[in-house]
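J.: Any chance you could fold what I've pasted below:
(one chain, ligands or ions: 2)
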Amino acid sequence: MTTFKTLDDLEAGQQLLVRIDINAPVEDGVVQDNRRFARHAETLAELLENDHAVAVLAHQGRPGRDTFVSLEQHADILADHLDRDVDFVADTFGEDALTAIDDLESGDVLVLENARMCDEELPEEEPEVKAETEFVQTLAPEFDAYVNDAYSAAHRSHASLVGFPLVMDAYAGRVMEAEYTANSAIQEQEFDGPVTMVLGGTKAEDLIPVIERVDDTVDRFCLGGIVGELFLRAAGHDVGYDVEGTEFFDHQWEDHQETIERVLEEYGDRLHLASDLAYEDDGERAEEAVEDIEKETSYLDVGSDTADEYAGLVRESEAVFVKGALGVFEDERFADGTVDVLSAIAETDCFSVIGGGDTSRSIEMYGLEEDDFGHVSVAGGAYVRALTGEGLVGVDVLERAA
Ligand SMILES: Nc1ncnc2c1ncn2[C@@H]1O[C@H](COP(=O)(O)OP(=O)(O)OP(=O)(O)O)[C@@H](O)[C@H]1O
Ligand SMILES: O=C(O)[C@H](O)COP(=O)(O)O
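T.: Numbering: from 1, shown residues only. Ligands and ions are numbered 1, 2, ... in the order given. Alright, predicted model coming up:
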């Protein structure tokens, strides 16, 4: 039972503003397809079958990052999944966007430009404030209804996610509905044996608060990726610093040092940190014990000893929750940590959830099957937040709208 309106409640043949989350990896300026496109394409296909005209609202990256690019390529990827034309306009709510929206006819799909290119989108503010923005006030009257399918971004209080349901008829899309239902069911489950959470990836700030909030249910945390290095830094090792132009560590350390140190102090006996790390040396993978690290290097994966330890912990677990990759799995040389852990999960019959828009991509890249896991979520930060039992603001506003 959901507490918001779904597509089952939506009358056919309307002009819809549909928020999806196709935030994707970008390699050398090229947007990479991930499973988010396929899942949202199913929602869009259903809407088109019901004679709606659809304008798609979405984001990509964050200002200042290499991944902050236009949604033009995303429109092409969606077109491939839908097997039909998808238009794109390089504008979100200005004159060009409004003209393109006016021209929409039943069965059309138009992708609007990256919502994060609009100043009012990003600052985290209350939904009531977002509802009053020019962004929301300009677009809302152009549509009969708003559909939010972006469960994976529902932890962000951004204009495109929380403003519209306060000013117009609002519905959850199929991805939102399915992820919400699956993640709510997971919160209800109880496990007899050890529960392990594997945390990695780049977004340490989404994960640090989670460790404290799930401490009733999770027996041990295996850390890797950027979040793992930040904890190693707090433990006094010479890693977790930005080197060679990276921008992962120092700002997250500055903002969260106190919490990281406190969590390490309080939960140290449950936190497993890498004992070795891998880096690139003359084009090859090389490894070094954390104890011996003295030089400034970008570490790209956990080492083999760590991967073995984590895989062993997974094998004796009753349930495993993964969010974020243990290394840069997109490069085969640095996929070992991530793939060893996922393979260990796949081999056992533990209950498992693999989360993260990017991380879930590693499943098909390395010959694993979605069926090997209990649930593969296209959400990362939103799914781990849901595990804490804390609400998601994007879901809350849909419930209020209903
Ligand atoms: N040591 C590392 N250095 C650089 N990048 C890393 C490292 N370890 C992991 N990563 C990157 O982390 C990414 C995945 O985690 P990330 O937290 O960014 O996103 P996600 O899993 O898609 O979750 P969400 O849906 O919240 O975005 C991968 O693309 C991987 O390359
Ligand atoms: O990829 C995600 O987790 C969502 O799209 C949210 O993106 P963000 O972490 O940049 O806010």
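
J.: Extract the C-alpha trace of stretch 146-155 and format it as PDB.
T.: Extracted C-alpha coordinates of stretch 146-155, given in PDB (Å, rounded to 0.1, in the frame of the first residue of the first chain):
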ATOM      1  CA  TYR A 146       3.400  16.400 -12.200                       C
ATOM      2  CA  VAL A 147       4.900  12.800 -12.000                       C
ATOM      3  CA  ASN A 148       7.900  12.100  -9.800                       C
ATOM      4  CA  ASP A 149       9.700   8.900 -10.700                       C
ATOM      5  CA  ALA A 150      13.100  10.000  -9.200                       C
ATOM      6  CA  TYR A 151      13.200   7.900  -6.000                       C
ATOM      7  CA  SER A 152      17.000   8.000  -6.200                       C
ATOM      8  CA  ALA A 153      17.000  11.800  -5.800                       C
ATOM      9  CA  ALA A 154      14.100  11.900  -3.300                       C
ATOM     10  CA  HIS A 155      16.500  12.700  -0.400                       C
END
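
J.: Any idea how far it is from the middle of the chain?
T.: Stretch 146-155 has its C-alpha centroid displaced from the chain centroid by 11 Å (Cα atoms, centre = their mean, to the nearest Å).

J.: Do you have the strands of the stretch 251-400 of the chain handy? List them.
T.: Counting by DSSP state E, counting those that start in this stretch, the stretch 251-400 of the chain has strands at residues 271-272, 276-281, 284-289, 301-302, 319-323, 351-355, 375-377.

J.: which bits of this structure sit near ligand 2?
T.: Contact residues (Cβ under 6 Å from any ligand atom) of the chain with ligand 2: 21, 23, 62, 152-153, 156, 203, 357, 380-381. All C-beta atoms are positioned from the backbone trio N, CA, C, and that covers glycine.

J.: let's go with 8 Å and repeat that
T.: Within the chain, the positions near ligand 2 by Cβ under 8 Å from any ligand atom are 21, 23, 59, 61-62, 150, 152-153, 155-156, 158, 203, 206, 356-358, 379-382.

J.: Among the strands of the stretch 251-400 of the chain, which comes closest to residue 50?
T.: Set against residue 50 and scored by Cβ to Cβ, the strands of the stretch 251-400 of the chain come closest in strand 375-377, at 26.3 Å.

J.: Tell me the neighbouring strands of that closest one, and mark each as parallel or antiparallel.
T.: strand 351-355 (parallel) (DSSP bridges).

J.: Does at least one residue of the partner strand sit close to ligand 1?
T.: Yes. Strand 351-355 lies within reach of ligand 1 by Cβ under 8 Å from any ligand atom, at residue 355.

J.: that older thread, comparing the strands of the stretch 251-400 of the chain, which comes out most buried?
T.: Burial of the strands of the stretch 251-400 of the chain is given as mean neighbour count (mean count of other Cβ atoms under 10 Å); strand 301-302 ranks first at a mean of 32.

J.: sorry, back to before: need the strands of the stretch 251-400 of the chain in TSV with mean pLDDT, can you?
T.: Output for those, formatted as TSV (pLDDT from 0 to 100):
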stretch	mean pLDDT
strand 271-272	98
strand 276-281	97
strand 284-289	97
strand 301-302	98
strand 319-323	97
strand 351-355	95
strand 375-377	93
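
J.: Out of the ones you listed, flag the one nearest residue 183.
T.: strand 375-377 (6.9 Å).

J.: and that closest one, how far from the chain's centre?
T.: Mean C-alpha position of strand 375-377 versus that of the full chain (Cα atoms, centre = their mean) differs by 12 Å.

J.: What of stretch 81-93?
T.: Chain-centre distance of stretch 81-93: 22 Å, with Cα atoms, centre = their mean.

J.: Check stretch 117-137 too.
T.: Using Cα atoms, centre = their mean, the offset of stretch 117-137 from its chain centre is 21 Å.

J.: Format the strands of the stretch 251-400 of the chain as a markdown table; extra columns: distance to residue 8.
T.: Listed next are those as a markdown table, based on distance: least, Cβ to Cβ, whole Å:
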| stretch | distance to residue 8 |
| --- | --- |
| strand 271-272 | 44 |
| strand 276-281 | 49 |
| strand 284-289 | 50 |
| strand 301-302 | 44 |
| strand 319-323 | 30 |
| strand 351-355 | 26 |
| strand 375-377 | 22 |
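
J.: Can you tell me which of those is nearest to residue 84?
T.: strand 375-377 (26.4 Å).

J.: For the nearest residue to residue 285 once chain neighbours are set aside, grab the count of nearby residues.
T.: Using Cβ to Cβ, 6 or more residues apart in numbering and skipping the chain neighbours, the partner closest in space to residue 285 is residue 333 (4.4 Å). Residue neighbour count, defined by other Cβ atoms under 10 Å, stands at 16 for residue 333.

J.: next one: residue 43
T.: Residue 43 has 22 nearby residues by other Cβ under 10 Å.

J.: Residue 16 now?
T.: By other Cβ under 10 Å, 22 other residues sit near residue 16.

J.: hang on, the residue nearest to residue 285 packs against residue 287?
T.: No. Using Cβ atoms under 8 Å, residue 333 makes no contact with residue 287, being 11.1 Å away.

J.: any common contacting residues for these two?
T.: Common neighbours of residue 333 and residue 287 (criterion: Cβ atoms under 8 Å, 6 or more residues apart in numbering): residue 278.

J.: Select only the buried ones of the residues of the chain next to ligand 2 in PyMOL?
T.: Filtering the residues of the chain next to ligand 2 down to the buried ones (16 or more other Cβ atoms under 10 Å) takes a single PyMOL command:
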select buried, resi 21+23+59+61+150+152+153+155+156+158+203+206+356+357+358+379+380+381+382
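
J.: just checking: which of the residues of the chain next to ligand 2 also lie near ligand 1?
T.: Restricting the residues of the chain next to ligand 2 to those near ligand 1 - Cβ under 8 Å from any ligand atom - leaves 23, 152, 203, 206, 356-358, 379-382.

J.: Adding pLDDT, write the residues you listed out as TSV.
T.: Listed next are those as TSV, based on pLDDT from 0 to 100:
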residue	pLDDT
23	97
152	96
203	92
206	90
356	90
357	86
358	88
379	93
380	92
381	90
382	92
